[in-house]
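1. Could you look at this predicted model? Sequence included:
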Number of protein chains: 2
Amino acid sequence: MVDSETSGGEASTGAARRIYEALRAQILEGTYGPRDRLPSTRALAAELGVSRTTVTAAYEQLLSEGYLESRQGARSRVALLRDQEADRPVKEERSKATPEPAGAARLSRFGAMLGGGPAWVPPVSPGLVADFRYGDLSAADFPTEPWRRAVNTALRRRRQRLAYDDPGGSAALRAALQAYLWRARGLRSDPGQIIIVNGSQQGLDLAARVLVDPGDRVAMEDPGYVMARRVFAAAGADVVPIAVDEEGLRTELIDGLVDARLAYVTPSHQFPLGSVLSARRRQALLHWSRSTGAYVIEDDYDGEYRYDIQPIPPLQTMAHADNVIYLGTISKSLSPMLRLGYLVVPPSLYPAFAAAKQLVDRHSPVLEQEALAAMISSGAYERHIRRSRRNNGRRREALLGALKAELGDAVTISGADAGLHVVVWFERLDKAEEGALIARARGAGIGLYPVSPLYAAADAGHRPDRAGVVMGYAGLDAAEIGKGVAALAALLRSPGTEGARA
Amino acid sequence: MVDSETSGGEASTGAARRIYEALRAQILEGTYGPRDRLPSTRALAAELGVSRTTVTAAYEQLLSEGYLESRQGARSRVALLRDQEADRPVKEERSKATPEPAGAARLSRFGAMLGGGPAWVPPVSPGLVADFRYGDLSAADFPTEPWRRAVNTALRRRRQRLAYDDPGGSAALRAALQAYLWRARGLRSDPGQIIIVNGSQQGLDLAARVLVDPGDRVAMEDPGYVMARRVFAAAGADVVPIAVDEEGLRTELIDGLVDARLAYVTPSHQFPLGSVLSARRRQALLHWSRSTGAYVIEDDYDGEYRYDIQPIPPLQTMAHADNVIYLGTISKSLSPMLRLGYLVVPPSLYPAFAAAKQLVDRHSPVLEQEALAAMISSGAYERHIRRSRRNNGRRREALLGALKAELGDAVTISGADAGLHVVVWFERLDKAEEGALIARARGAGIGLYPVSPLYAAADAGHRPDRAGVVMGYAGLDAAEIGKGVAALAALLRSPGTEGARA
């Protein structure tokens, strides 16, 4: 539609025709919907670098063919086309642009591993009775008004120039986080050790790239966080699953692993089983890290949420934690859609992490960083966390109460002391029945998510032989939770549950 | 500072002492500055899971030692400490946290390459007469009010849940960009080919990871964009510099390169020299790409800015462009601080790029994406671009006028037809004098940036033997530009310019 040849009468007829064709196709494809206004002839002419007469000619042709409507003095609008006319070309045009199969792509080793596409599941249909998807938060909990004020404050900040920022992140946010982490988590750091990332996922990816070469061994909790395992695998690492029990990572199993570069752990609230890494094992893990030179990533993904127990101080706060990389996120405290997280790295690692962040995307978005800094500094962030903790405490009570009342000893629950999810084991369902249970639940309007994919492919024998699901509750209200559990109980009582034990 | 041992009177004394010590150190380190308010005792007690009495005891000790001030009914504030007292501990505490040299770090090959730290230069001091840093924009041009409205609209959007979004990006933004790219750049795409990234830098990094294995060859314009070269080098690529001239990339030099995986080009406005890739060479480049199977990254980094010339249609719009990856950004049109850009990839590459984006950081921030979508859809984005183009046109005239008036034939100017920068060659200064010129200019309050680093290390002989600088003008007003050029001219006339030719 742009036209570098326009130079005279004939050429401008050609330009008008191309503008006409482009707009007509956009109308037929729905880029401009019925009643949408087109740009003014002046604006479009300026945009395309053609004369206004040329654009007017194109518009007049569209008007004469009935694609546009015009009212005295108003900008042209797209006409409501008759269905039979609109349908056919829409399909024709659309089919042209339909992505072809991926066979033709020439990918790197990394790309080929990912060639199957992302593992993203769109938000489920609102028709569900209750969706227990882990990671979702209730939109009602979001502090819309404080966040709006914080963003507006950041926007009003006087600047002389818009320029690339420090790769490590906004100075204001790093200072605010340094103070927050100390107040809330007892974590001592210097702002010069903090790197702001786009959610904990980017923190994991940066760590994998900066620390892991293809073939290196990485120790990971089993079961554990799938997206961490995928990051290390994509970096070419040999991911070594280490079993967890009620004291967290079984450090006696890691002791022989002398050549690992990295271990990934969730010591405050093991994901997904919920155990807390015991003091003895914390010391053992740090001893292993120091003696082998391996780094430890401490993913404190939901450290804000704890209920009947005392706060768990991070590994990073202990003596001999020199090789610990602390990873935090606001995905559980504010929103997973904002994409902000933070790394606290040993000082010797800072230059490489900051350089990697710069190479990868320069730095995280400044306005959102400054908004978060303002919320932390004003106290609004911690007020929000306290309210959010109370709300999630109520959701948790609703879930635990309903599970007890409706399912009683048919289920065993793991990890309810902290966080935003529990793992529910079905005592009378074999693990082979997990998939069928989830499919039947989905049919009954209940979103349940299997525990099996969180275990490494090579089952080392520590995976319970019962069906298990991860139930997140932070996206639901108490009534939905009650209805969902009741529906689940009804499902389990119904004769469709074949192969139930006992 | 968190305390999992607190269980009785003795323990709570211990907890109070730890809280006291932590707050005292934070005051001494400046985390809390003079007159800052501390959290209320109730808030801190709730946060730490200790009794309010415990926190009050800590606060009282700090009060009694003069670290805090308290007024009736108000929250405690940090006292204004006497300098001699405050100085010593601050230094002591700070020095503990000062990053150690990076020698101790165990890095991956990628990490080791980056170990020297980021190449970031902080915004220069406001004392400069004129800073011609390329990439900066004037804060006065930013459409603060439309952006604020767009963000607020996105914030008010009703959602049931906060959940991870599509790795490819917000559906609203991809639809808006599809229409915008067609209107503004004649580029046809399907929203299913568009991936929203955190600025063009992330687009380059994703492309390098998904398409390039260590040892693969990547063709790059020479001179060219340093941050692209660094991304490919960090991916382990063998970066092959290809000279450019007044018709852009010299495609006859790429023809023999049959084993490249990728070529990186800026066909609409070669960075930094400003030439437009000629029609003949466009066809040659696409022919090369099809015959070798290499992909072409078309970085359309400043396609919005053109002055005396017609818009240049992207490569991606031509026939046989099947292997072209189009890369766009809002860093030049809105702000480099927002970190939003977009890739338009061949359909066969979409799954791998979307999966890589998910692995790398899940997706870009949703609110900012929706704000941009709202601005594009309402027409505010294109209105802003037109205004911004006018403003930058005036800056460009001021720069070209001042250079002509002040320096005349002492300089030759490249690439003034489009974009937000020019390259200025000093006809009477040898290239060996470039560094000294820039240092002297900095001393006179003028920020100039050398052209030399944009050339590949192995100079193939096509680099002019004169000193050259890249002068960005988008961050300055016309008066600053005039003053800066006048100061530069005075500098060149002064006897300090040793070794000047002629």
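-> Looks like it arrived, so ask away. Numbers count the residues shown, from 1 in each chain, chains lettered A, B, ... in the order given.
2. Check the secondary structure at the residue lying closest to A:Arg362 once chain neighbours are set aside for me.
-> Take A:Arg362 and drop its neighbours on the chain: the residue closest to it by C-beta to C-beta, 6 or more residues apart in numbering or on different chains is B:Gln201, 4.9 Å away. Where C-beta positions appear, they are placed from N, C-alpha and C, glycine not excepted. Following DSSP: H, G, I helix; E, B strand; the rest coil, we place B:Gln201 in the helix state.
3. Same check on A:Tyr134?
-> Going by three-state DSSP, the secondary structure assigned to A:Tyr134 is coil.
4. Output the residue of the stretch 401-502 of chain A whose distance to chain B is smallest.
-> Here the residue of the stretch 401-502 of chain A nearest chain B is A:Gly475; by C-beta to the nearest C-beta that distance is 4.7 Å.
5. wouldn't that residue be in contact with A:Arg133 here?
-> Yes. A:Gly475 lies in contact with A:Arg133 (C-beta atoms under 8 Å); the separation is 6.5 Å.
6. Residues that sit against both of those two, list them.
-> B:Ala163 (C-beta atoms under 8 Å, 6 or more residues apart in numbering or on different chains).
7. More neighbours: these two, which one.
-> More neighbours surround A:Gly475 than the other of A:Gly475 and A:Arg133, with 27 against 22 (other C-beta atoms under 10 Å in any protein chain shown).
8. low-confidence ranges in the stretch 301-450 of chain A?
-> A:310-311 (pLDDT under 70).
9. rerun at 90
-> For the stretch 301-450 of chain A, residues meeting the criterion pLDDT under 90 lie at A:303-304, A:306-313, A:316-320, A:415-418.
10. Name the next helix or strand downstream of the least confident helix or strand in chain A by mean pLDDT, please.
-> Every helix and strand in chain A was compared by mean pLDDT, DSSP states H and E; the lowest is helix A:83-97, with a mean of 34. As assigned by DSSP states H and E, the chain's next helix or strand after helix A:83-97 is helix A:109-114.
11. other SSEs contacting that next one?
-> Judged by 3 or more C-beta pairs under 8 Å, 6 or more residues apart in numbering or on different chains; DSSP states H and E, helix A:109-114 is in contact with helix A:226-234, helix B:199-211, helix B:350-361.
12. Please identify the most buried of those helices.
-> Per-stretch averages of neighbours, counted by mean count of other C-beta atoms under 10 Å in any protein chain shown, single out helix B:199-211 among these, with a mean of 27.
13. could you give the mean pLDDT of that one?
-> Mean pLDDT, helix B:199-211: 97.
14. and the next element down the chain from it?
-> Once the chain leaves helix B:199-211, the next helix or strand it forms, by DSSP H and E, is strand B:217-222.
15. Does anything pack onto that following strand? Which helices or strands?
-> Other elements packing on strand B:217-222 under the criterion 3+ C-beta pairs under 8 Å, 6+ apart are helix B:226-234, strand B:238-245, strand B:260-265.
16. What are the boundaries of the helices in the stretch 1-150 of chain A?
-> Along the stretch 1-150 of chain A, the segments classed as helices by DSSP state H, counting those that start in this stretch run A:9-29, A:41-48, A:52-64, A:83-97, A:109-114, A:144-156.
17. May I have the shortest one exported as PDB, CA atoms only?
-> The C-alpha atoms that make up helix A:109-114 are tabulated as PDB, following Å, rounded to 0.1, in the frame of the first residue of the first chain:
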ATOM      1  CA  ARG A 109      19.000 -27.400  18.500                       C
ATOM      2  CA  PHE A 110      17.300 -25.200  21.100                       C
ATOM      3  CA  GLY A 111      14.600 -24.200  18.600                       C
ATOM      4  CA  ALA A 112      14.000 -27.800  17.500                       C
ATOM      5  CA  MET A 113      13.400 -28.800  21.100                       C
ATOM      6  CA  LEU A 114      10.700 -26.100  21.300                       C
END
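18. which of the residues in that helix are buried?
-> A:Phe110, A:Gly111, A:Met113, A:Leu114 (16 or more other C-beta atoms under 10 Å in any protein chain shown).
19. okay, the residues you listed in CSV with pLDDT next?
-> Formatted as CSV, the buried residues of helix A:109-114 follow (pLDDT from 0 to 100):
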residue, pLDDT
A:Phe110, 90
A:Gly111, 91
A:Met113, 85
A:Leu114, 83
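20. mind checking pLDDT for the closest residue in space to A:Asp136 that isn't next to it in sequence?
-> Nearest residue to A:Asp136, sequence neighbours excluded (C-beta to C-beta, 6+ apart): A:Gly475, at 3.5 Å. At A:Gly475, the model reports a pLDDT of 95.
21. again, but for the one 5 residues further on
-> Per-residue confidence for A:Glu480 comes out at a pLDDT of 96.
22. contacting residues around it?
-> A:Glu480 is in contact with A:Val129, A:Ala130, counting by C-beta under 8 Å, 6+ apart.
23. Distance from the chain centre to the host helix or strand of it, please.
-> Assessed by DSSP H and E, A:Glu480 sits inside helix A:478-493. What separates the centre of helix A:478-493 from the centre of its chain is 27 Å, taken as C-alpha atoms, centre = their mean, to the nearest Å.
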